[in-house]
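*Asks:* coordinates only, sequence not included:
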């Protein structure tokens, strides 16, 4: 059989009850703050902003890598253009622009 006698004085018991009430009140206040709609919305906004920042960061890194890879195709280590790569691309661009210009003229004329 367990010993159920309490050796505390009535003043100690009252002090324990008071402390426990204060702790319970703090806990309830914290729970109230956590479930408050403004807190929930703020947490949701922060999560969405964090997810967007992470996604944009990944996109930036990906685009930066693609741009660096493309640049490496047209520029040497010293930053000078590689004519053997630039000239054919420039000719294709000029040809496409010329074809578009001819097509536009034919429609108007």
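*Replies:* In hand now; what should we look at? Quick caveat, the model's predicted, so the values are computed rather than measured. Residues are numbered from 1 along each chain as shown.

*Asks:* Mind checking the pLDDT average for the lengthiest helix in the chain?
*Replies:* Secondary structure assigned by DSSP state H gives helix 37-74 as the longest helix of the chain. In this model, helix 37-74 carries a mean pLDDT of 94.

*Asks:* May I see the domains of the protein written out as residue ranges?
*Replies:* Per the record, the chain has its domains at 10-74, 79-109, by automatic domain parsing.

*Asks:* Reformat those domains as a markdown table; add mean neighbour count.
*Replies:* C-beta: built from backbone N, CA, C; applies to glycine. Shown next, in a markdown table, are these (neighbours: other Cβ atoms under 10 Å):
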| stretch | mean neighbour count |
| --- | --- |
| domain 10-74 | 10 |
| domain 79-109 | 10 |
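
*Asks:* and the gap between residue 73 and residue 80?
*Replies:* Using Cβ to Cβ, to the nearest Å, residue 73 is found at 13 Å from residue 80.

*Asks:* Please apply the same query to residue 62.
*Replies:* 27 Å.

*Asks:* quick one: residue 90 is in a helix?
*Replies:* Yes - using DSSP: H, G, I helix; E, B strand; the rest coil, the assignment for residue 90 is a helix.

*Asks:* tell me the angle of the helix or strand hosting residue 11 relative to helix 37-74?
*Replies:* Assigned by DSSP states H and E, residue 11 falls within helix 10-35. Here helix 10-35 runs at an angle of 50 degrees relative to helix 37-74 (axes from the mean of the first three to the mean of the last three Cα atoms, to 10 degrees).

*Asks:* and helix 10-35, how far from the chain's centre?
*Replies:* 39 Å (Cα atoms, centre = their mean, to the nearest Å).

*Asks:* Check stretch 95-109 too.
*Replies:* Offset of stretch 95-109 from its chain centre (Cα atoms, centre = their mean): 44 Å.

*Asks:* And the contacts of that stretch?
*Replies:* Stretch 95-109 is touched from outside by no residue, with contacts defined as Cβ atoms under 8 Å, 6 or more residues apart in numbering.

*Asks:* Quick one: mean pLDDT over it.
*Replies:* Stretch 95-109 comes out at a mean pLDDT of 88.
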